[in-house]
Each structure stands twice: as C-alpha cells, then as structure tokens.
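Visitor: sequence-free structure coming up:
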C-alpha cells in the first residue's frame, strides 16, 4: 500500500530528462527510457552516478567500484550522494542508498538528479530544469534603516476598538 503511494509520485518524463542529461554530461551510451525498470537498471550499481559526479568535477570520486557486489554498489551510491551534497544539492533533495539499490523510492532519486542538474551550469556543463536563482543582496545605509523605523506600518492591521467584551470560551460558570 505505502509502496504504491511512493511509486505513484514517480514521473517517467522527469526520469527520462534526467537520464538524457546524464548521457549528455558523461557521454556514456545509456538507455534513456524513463520507465522505472530501465531507470533502475541504468543507475542501480552507482557506476553511472560516479561517472556523472566525476564528469562534473574530475577526481571527486577516487575509486569507482565496477563490481556487482551489493556493498560495492552501495559504496558507489554513497560516494555519489556525498559529492551531490558537496555540489550544493540540499539534504532534503538527496536520497538514501537503499532508495535506489532496493528500488524503494526511485522518485527521490529523480528529485536528486533534477536538483543536481540545476547545479550543473556551475560546472560549465549542460543543465536541466529551471535556472537556479541568483542571490539578490541588498545593502541599506544607516540613514535608510533609521528612516524605515519611523514608518508606522498598517500592514499589521489596527486594534482600534478591540476589546475582550463578549468573548467567552465554553460554558459559563453557574454559581
């Protein structure tokens, strides 16, 4: 029951976009079909993910395990996740290794790849999804800050005529 709810959030379009982006960045000949079976098969051992991280920043993953043994694949996935966090992917947009390896939540894998895809332009690589917003820092002078303190804001509304008369919660006390 719970698993079908997670799977219903999976988007084949976003998965396909993610795989096409990975193919463009890594130049690996992968199948870019977005269905869950293919998405899982392409990424499950973590090798493509490690190659992706190294394509964005060469040498960020020193050892890519080509072995198909479970713990080696999990090591690859963990190394990729560590790099993704270092690249600026927020923790809430990353996934747990088991989400991919045990196919528990492929949607969170898609979310992570989409988030990383938005950051790719920082590494002079093609990016996917909406452009990351730039910081818009505003610097006010002391004079401007003081002027703002004198403004009486009516955004908070007015308490003119507010009293507590007529307010009673629950039943009144009968003595």
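Guide: Cool, got the structure. Note that the structure is predicted; figures quoted are calculated from it, not measured. Numbering: from 1, shown residues only.
Visitor: And the contacts of the helix-or-strand element of the chain with minimal mean pLDDT?
Guide: Using mean pLDDT, DSSP states H and E, the weakest-scoring helix or strand in the chain turns out to be helix 2-8, at a mean of 72. Contacts with helix 2-8, where a contact means C-beta atoms under 8 Å, 6 or more residues apart in numbering, come from 36, 104-107. Placement of C-beta: from N, CA and C, glycine included.
Visitor: Name only those of those that count as buried.
Guide: 104-107 (16 or more other C-beta atoms under 10 Å).
Visitor: Going by residue numbers, what spans are helices in the chain?
Guide: 2-8, 12-26, 36-43, 47-56, 70-86, 97-101, 106-119, 142-149 (DSSP state H).
Visitor: lowest-confidence stretch among those helices?
Guide: Across the helices of the chain, helix 2-8 has the smallest mean pLDDT, namely a mean of 72.
Visitor: how near is the nearest residue to residue 12 once chain neighbours are set aside to residue 22?
Guide: The spatially closest residue to residue 12, leaving aside those adjacent along the chain, is residue 34, at 3.8 Å (C-beta to C-beta, 6 or more residues apart in numbering). Separation of residue 34 from residue 22 (C-beta to C-beta, to the nearest Å): 12 Å.
Visitor: These two - which one has more neighbours?
Guide: residue 22 (24 against 19; other C-beta atoms under 10 Å).
Visitor: That one reaches residue 113, doesn't it?
Guide: Yes - look at residue 22 against residue 113 with C-beta atoms under 8 Å: they come within range, at 7.2 Å.
Visitor: who touches both of those two?
Guide: What both residue 22 and residue 113 touch, as defined by C-beta under 8 Å, 6+ apart, is an empty set.
Visitor: follow-up on the earlier one: any idea which of the helices of the chain gets closest to residue 171?
Guide: With C-beta to C-beta as the criterion, residue 171 lies closest to helix 2-8 of the helices of the chain, at 42.9 Å.
Visitor: Which residues lie in contact with the nearest residue in space to residue 128 that is not next to it in sequence in this structure?
Guide: Leaving aside its chain neighbours, residue 128 sits nearest to residue 117 (3.7 Å; criterion: C-beta to C-beta, 6+ apart). With contact taken as C-beta under 8 Å, 6+ apart, residue 117 is in contact with 17-18, 21, 127-129.
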